[in-house]
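Participant: build me a structure from this.
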Amino acid sequence: MKKLILPLIFAFVVASCLPADVTQAPLPLPVLPSETPLPFIVPVTDTPIILPPPSETPAFIIPITETPIPVSSAKWWEVYFTDPQTINNPNVIPGSIEEKLIGFINSARTSIHIASFEFNLTPVAEALVAAKNRGVDVKWMTDDENGLDYDIQPGRGQFALLQAAGIEVKDDNRTALMHNKFWIFDQQVVWTGSTNITVNGIFKQNNNVLVIRSPEIAFIYEREFQEMWNGQFGSRAPSTMSNQWAILDGTPVQVIFSAEDNAVANLIAIVNDAKSSIRFLAFSFTDYPLAQAMIDRSKAGVDVKGVFETFGSNGTRSELRTFWCAGVPARQDGNASFLHDKIIIIDNSIVVTGSLNFSSNADEENEENVVILDNPEIAALYLQEFDKLWDQARDVEAGIFTCQ
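Facilitator: Next up, the predicted model:
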């Protein structure tokens, strides 16, 4: 487990469940004993993180079951990657991430709470309607421009199907993006990663899904969902980063939300601690401090490689030029659509994934989530995907950039 980079201002353990009556009370978070090991990520902030008093805390109305929902997997985690070279037909879904997601929907018993950017998969909409009809509490938080506003376009209308069935859908109603792609099932299981629930996201782009079976992690995501559901976005949302972690079967798992948690600054802190290797897959990488941190580690002897999405990386804001001019190996992806991942793998053990692009807009304005965990078995799967996409990628063409 990584050592602490900075001392925590507060150290709380995440509660595994909420009390039955939490409509007006602050969330119960018992104090973590001082001898308990802390996770490897800490808040990077100049001032202490102060949790809001009860009067400023939004109401949390969350259905609680009397007994835990059993899970069918022996592991607490699952990892999926899209495969647009072989699973690219939305009319034939067996083996696809869409099929996996519908399986989770069909197994839900009490609640499905969704924060997802955009949507155009009718079979998923039909599965959610069926869940609603059997008594599951289904709610969806989306973006305005790319979610509800776009639902009137050709090939869309899936949100309208949900609303016609009595499923409540809200959007963020603001300029910045509600860019999350997470689902919470029965307060027990979290589905997150980079995958939009669209034809392009699942059948054309390179994306990943991380499923975490943990009431502790589900609690963290449920709290974030409820903040957005109650209209708290961006700087208006309280940071609770010091209790956004859990240790699952020996694996430390940290969750970071933007814009309130200084996500990129925390990623830089992890990169600065890399000892042997850094690998990354990036749809949008325009954050210079993060790029420079990786380049500095390369100069210190760390093996650094990355794949950029081609179209975006040709622009002047992309940090591909920074890597190329520094002599750090970086390629442009070989997908005719998009490489849409936002992944960093450090020292063959630490995995960073989620919805956060490596940009100031994602860090400072959007609603995003990042999961960071330290687990060599999970990291090996992400490294396998990296190696596949690295082999499919292309070297930067000579003369495309000039260096001073």
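Participant: who does the lengthiest helix in the chain touch, helix- and strand-wise?
Facilitator: When the chain is parsed with DSSP state H, its longest helix is helix 376-392. The helices and strands touching helix 376-392, judged by 3 or more Cβ pairs under 8 Å, 6 or more residues apart in numbering; DSSP states H and E, are strand 77-81, strand 208-213, strand 277-282, strand 303-308, strand 342-346, strand 350-354. C-beta coordinates here come from the backbone N, C-alpha and C atoms, glycine included.
Participant: let's see it as CSV, backbone CA atoms only.
Facilitator: Provided in CSV are the C-alpha atoms of helix 376-392 (Å, rounded to 0.1, in the frame of the first residue of the first chain):
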residue,chain,number,x,y,z
PRO,A,376,-1.8,-6.0,-9.0
GLU,A,377,-4.5,-8.4,-10.3
ILE,A,378,-6.8,-5.6,-11.4
ALA,A,379,-3.8,-3.7,-12.7
ALA,A,380,-2.7,-6.7,-14.8
LEU,A,381,-6.0,-6.5,-16.7
TYR,A,382,-5.6,-2.8,-17.4
LEU,A,383,-2.0,-3.3,-18.5
GLN,A,384,-3.2,-6.0,-20.9
GLU,A,385,-5.7,-3.6,-22.4
PHE,A,386,-3.0,-0.9,-22.6
ASP,A,387,-0.6,-3.2,-24.4
LYS,A,388,-3.3,-4.2,-26.9
LEU,A,389,-4.1,-0.5,-27.6
TRP,A,390,-0.5,0.4,-27.7
ASP,A,391,0.1,-2.2,-30.4
GLN,A,392,-2.8,-0.8,-32.4
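Participant: so who does I278 touch?
Facilitator: Residues near I278 by Cβ atoms under 8 Å, 6 or more residues apart in numbering: 271, 294, 297-298, 302-306, 344-346.
Participant: PyMOL command for the buried members of those residues?
Facilitator: Per 16 or more other Cβ atoms under 10 Å, the buried members of these correspond to this PyMOL selection:
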select buried, resi 271+294+297+298+302+304+305+306+344+345+346
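Participant: now, the most widely separated pair of the contacts of I278?
Facilitator: Largest separation among those by Cβ to Cβ: S298 and I345, giving 14.9 Å.
Participant: outline the domain layout of the protein.
Facilitator: 73-236, 244-395 (automatic domain parsing).
Participant: you'd agree N146 is up against N120?
Facilitator: No - applying Cβ atoms under 8 Å, one finds N146 not in contact with N120, separated by 10.6 Å.
Participant: who's more crowded, the two?
Facilitator: N120 (21 against 18; other Cβ atoms under 10 Å).
Participant: how far away is the closest residue to the more buried one other than its chain neighbours from R156?
Facilitator: Excluding its sequence neighbours, the residue lying closest to N120 (Cβ to Cβ, 6 or more residues apart in numbering) is T198, at 4.9 Å. In this view, T198 and R156 are 10 Å apart by Cβ to Cβ, to the nearest Å.
Participant: any common contacting residues for these two?
Facilitator: Between them, T198 and R156 share the contacting residues N120, judged by Cβ under 8 Å, 6+ apart.
Participant: the two - which one has more neighbours?
Facilitator: Neighbours around T198 and R156, counted as other Cβ under 10 Å, are more numerous at T198. The numbers are 23 against 17.
Participant: the bottom helix or strand of this protein by mean pLDDT?
Facilitator: helix 310-313 (a mean of 93; mean pLDDT, DSSP states H and E).
Participant: now do the buried residues in that helix.
Facilitator: Buried residues in helix 310-313 (16+ other Cβ under 10 Å): 310, 312-313.
Participant: low-confidence ranges, the stretch 51-200 of the chain, go.
Facilitator: Applying pLDDT under 70 to the stretch 51-200 of the chain flags the ranges 51-74.
Participant: can you list the residue ranges for helices in it?
Facilitator: Remark: helices assigned in the stretch 51-200 of the chain by DSSP state H, counting those that start in this stretch are 97-107, 122-133, 158-164, 199-203.
Participant: only alpha carbons, please: show the first one as PDB.
Facilitator: Presented in PDB, the C-alpha positions along helix 97-107 are these (Å, rounded to 0.1, in the frame of the first residue of the first chain):
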ATOM      1  CA  ILE A  97     -21.100  -4.500 -22.000                       C
ATOM      2  CA  GLU A  98     -24.700  -3.700 -22.800                       C
ATOM      3  CA  GLU A  99     -25.600  -7.300 -21.900                       C
ATOM      4  CA  LYS A 100     -23.600  -7.100 -18.700                       C
ATOM      5  CA  LEU A 101     -25.400  -3.900 -17.700                       C
ATOM      6  CA  ILE A 102     -28.800  -5.300 -18.400                       C
ATOM      7  CA  GLY A 103     -27.900  -8.300 -16.200                       C
ATOM      8  CA  PHE A 104     -27.300  -6.000 -13.300                       C
ATOM      9  CA  ILE A 105     -30.500  -4.100 -14.000                       C
ATOM     10  CA  ASN A 106     -32.500  -7.400 -14.100                       C
ATOM     11  CA  SER A 107     -31.000  -8.500 -10.800                       C
END
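Participant: who are the packing partners of it?
Facilitator: Short answer (3+ Cβ pairs under 8 Å, 6+ apart): helix 97-107 packs on helix 122-133, strand 181-185, strand 189-193, strand 208-213.
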